[in-house]
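*Asks:* the sequence isn't on hand, but the structure is:
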């Protein structure tokens, strides 16, 4: 004690010899613990203890015995004590800390334990003082229903809201458990662990808060009111963000009422919850599958895709149930830049700041530009971000479900007298009908923020008599009237503010707005990869006069590049990348005439082939989940000679027709099919063209590509899938090389199976036999010229799929694979 400057006195001069020491700790000067008694054990023993008399611990002693008449009121349980603190026990007069030995650092350990007890006591009493005591459930229900008795004053009203929102569930020596929300949005466990400075907070559900540093700082600073205020303002937005990144329920069938499911309560936890992470992991109920929706007939050279093509609904997204999330676990990460400042980061290049304020709205705005380079902090510009979120807000507040899953056209005005509603866009308001959003620097958290928006009328959305294909009207639900009046405006004509403008979003619409923003950021991320991929791939294959990037407009955003005699324009439209193809020869008739004299007619792409390229780009290349290697493979395809590109287009069109003709009784991810593989998952190659899964060697007139064969689940033998991904389709990847020199032929390169390398062939010898059959099939069909309509690649792909189907069928019929068989 002398070494730690702890003042103490011994009991002397008593009639009976005493072994007690009285001491005082500096940090307990403001408490009731003015004097603490250290009692030494009997002579010959190393036992000693410290007893603290305190009413708080006497209440816990009564609570531990099951009493409901303590100062903690009704419904509060006693929290468990960890094994590390088993030497601390309750006492009828307070608390006793007992030790079985005397060591050089015993007093340090004692001081640390008393400090933890003091901090836990201060926090527990602060929470009880702020939230009050609950008498019983009936009294609580009556007080919740008596809205007329709520005090009118701002401070009293805020305190009443906190007492209704928060509930103390358990209290212990070193911990306190409390919950937030009537439906229990979150549970918190605050404990003071041995050997740690300050408190530790655990949150359930896990990953709701990226980290709890700011919350713990409030507790360590004895700022209980600030802690609860921070939780109250950030729990809702964080919960909406977590729901936006989880699998979403499919929309209702058109014409049927849509019911918003209530938020489920989280079960009570019986022990501590240990969680701390910065990434939001997505629980996908199925594999990520590319869209298979196709557009209408052939497209013109410079015509936009129709509304049908602009809505690439993924397979399985139209029916009831859980829809697999298109986000990958590594796509989105969340950090807290401040207690009320949440930053949503998409693939390290784009970031959106969500600032939480008092009231029922949050402020969403792209993060500031990076200071050094795009890879270090900040966010690249997000063009049209502000109009995008404001339109989603208007749709939600008008009771319409926004088609975030891929709709590219804004909801049209529905005239009840017009039986043929058109897909025209909502007309923009006049110049004096803009929404004036105040500067964020002057925004205060006190009070509702809706007053900063001017009323400019409501969008005249249609009546319940909507035409087919439009979202059905749902109940307005809990949308406050003042929010609908202030924010339900015609804001399609808002300015963009250079890609860094933000807007207010009501909490009732936040989840769907965030879900749309994440899709929108995915499209922006994919577009941001285009310039680098174009320069890399076109520069490594073609000469500068044969293909290069023409111009890049970051504000649209849009770009144009040319390959040969065609100009390709890529632009961002809502949550989809659009491709337009323009033939340069169409506008240079003389040049076209000269080229026709020197080149055969088959070297020109037809209108249907150009339409197939645009459709393939929208349906397969720029589809979710976004992958830069698919874009790289697509660009490599465009560099091929027209005759070879036409071969691949026949393969693509044939594969698309097969996928559309198959029945809907089998899940889309499990349908047997064969398709051109665009994804490159190697990622470790350092070649100039390594991102592309299609490798074009122009000097040798050959192209390497891959085919993915999804096996028929009806013919897959029974396999013990314990511990594996049984929901993934069994696939075989076949790598081929197409040489189109003097003697065109297709040759076999490699073959690999999913689920460990051999798909459902568990025996290595059976897998090798199947591989040899595929090799012979490719050799047999690869050298034949093939049908003019069918093409060489389509014939080879068809033969490979049939060979694998026969091998699989024979494998099951012969019993080559059983649940207990394994690789030799």
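*Replies:* Okay, I see it. Computed from a predicted model, the values in this text were never measured in an experiment.
*Asks:* for the stretch 1-150 of the chain, just list every one of the helices.
*Replies:* 55-64, 106-131, 137-145 (DSSP state H, counting those that start in this stretch).
*Asks:* need these in TSV (columns: mean pLDDT, distance to residue 548 and mean neighbour count).
*Replies:* Glycine gets a C-beta too; all of them are placed from N, C-alpha and C. As requested, these are exported to TSV (pLDDT from 0 to 100; distance: least, C-beta to C-beta, whole Å; neighbours: other C-beta atoms under 10 Å):
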stretch	mean pLDDT	distance to residue 548	mean neighbour count
helix 55-64	90	75	19
helix 106-131	92	65	18
helix 137-145	46	68	12
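*Asks:* ok, for residue 110, nearest residue in space, not its chain neighbours?
*Replies:* Nearest non-adjacent residue to residue 110, counting by C-beta to C-beta, 6 or more residues apart in numbering: residue 50, 6.3 Å away.
*Asks:* and the helix or strand harbouring residue 532, which residues are buried?
*Replies:* Using DSSP states H and E, residue 532 sits in helix 507-541. Buried residues in helix 507-541, defined by neighbour count with 16 or more other C-beta atoms under 10 Å: 507-530, 533-534, 536-538, 541.
*Asks:* turn the helices of the stretch 1-150 of the chain into CSV, including distance to residue 44.
*Replies:* Compiled in CSV, the helices of the stretch 1-150 of the chain are given as follows (distance: least, C-beta to C-beta, whole Å):
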stretch, distance to residue 44
helix 55-64, 30
helix 106-131, 18
helix 137-145, 55
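*Asks:* wait, which of the ones you listed is closest to residue 241?
*Replies:* helix 106-131 (26.5 Å; C-beta to C-beta).
*Asks:* against which helices or strands is that closest one packed?
*Replies:* The contact analysis (3 or more C-beta pairs under 8 Å, 6 or more residues apart in numbering; DSSP states H and E) places helix 106-131 against strand 48-53, helix 55-64, strand 94-99, helix 154-165, strand 166-171, strand 175-180, helix 224-245.
*Asks:* could you check the angle the fourth one makes with helix 106-131?
*Replies:* Here helix 154-165 runs at an angle of 110 degrees relative to helix 106-131 (axes from the mean of the first three to the mean of the last three C-alpha atoms, to 10 degrees).
*Asks:* helix 154-165 packs against which elements?
*Replies:* helix 106-131, helix 224-245.
*Asks:* and the next helix or strand past the shortest one?
*Replies:* Toward the C-terminal end, the helix or strand that comes next after helix 224-245 (DSSP H and E) is strand 332-338.
*Asks:* partner strands of the helix or strand following that next one, with direction?
*Replies:* On the C-terminal side of strand 332-338, the closest following helix or strand by DSSP H and E is strand 341-346. In the sheet, strand 341-346 lines up against strand 332-338 (antiparallel), strand 350-356 (antiparallel) (DSSP bridges).
*Asks:* give me the buried positions along the first one.
*Replies:* Under the neighbour-count criterion of 16+ other C-beta under 10 Å, strand 332-338 has 332, 333, 334, 336 buried.
*Asks:* just stretch 753-765 next, same as before
*Replies:* When neighbours are counted by 16+ other C-beta under 10 Å, the buried residues of stretch 753-765 are found to be 753, 754, 755, 758, 759, 760, 761, 762, 763.
*Asks:* who are the contact partners of the second one?
*Replies:* When contacts are counted by C-beta atoms under 8 Å, 6 or more residues apart in numbering, residue 754 is found next to 728, 729, 730, 731, 732, 733.
*Asks:* in PyMOL, how would I select just the buried ones from the residues you listed?
*Replies:* Per 16+ other C-beta under 10 Å, the buried members of the contacts of residue 754 correspond to this PyMOL selection:
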select buried, resi 729+730+731+732+733
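*Asks:* one step back: CSV for the helices and strands packed on helix 154-165, including distance to residue 214?
*Replies:* Listed next are those as CSV, based on distance: least, C-beta to C-beta, whole Å:
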stretch, distance to residue 214
helix 106-131, 16
helix 224-245, 7
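*Asks:* could you tell me the least trusted of the strands paired with strand 341-346?
*Replies:* Least confident of those, judged by mean pLDDT, is strand 332-338 with a mean of 91.
*Asks:* next, the angle helix 507-541 makes with it.
*Replies:* Going by the same axes, to 10 degrees, strand 332-338 makes 120 degrees with helix 507-541.
*Asks:* still on that earlier bit, which of the buried residues of strand 332-338 lies closest to residue 675?
*Replies:* Distance to residue 675 across those (C-beta to C-beta) is lowest for residue 332, with 28.0 Å.
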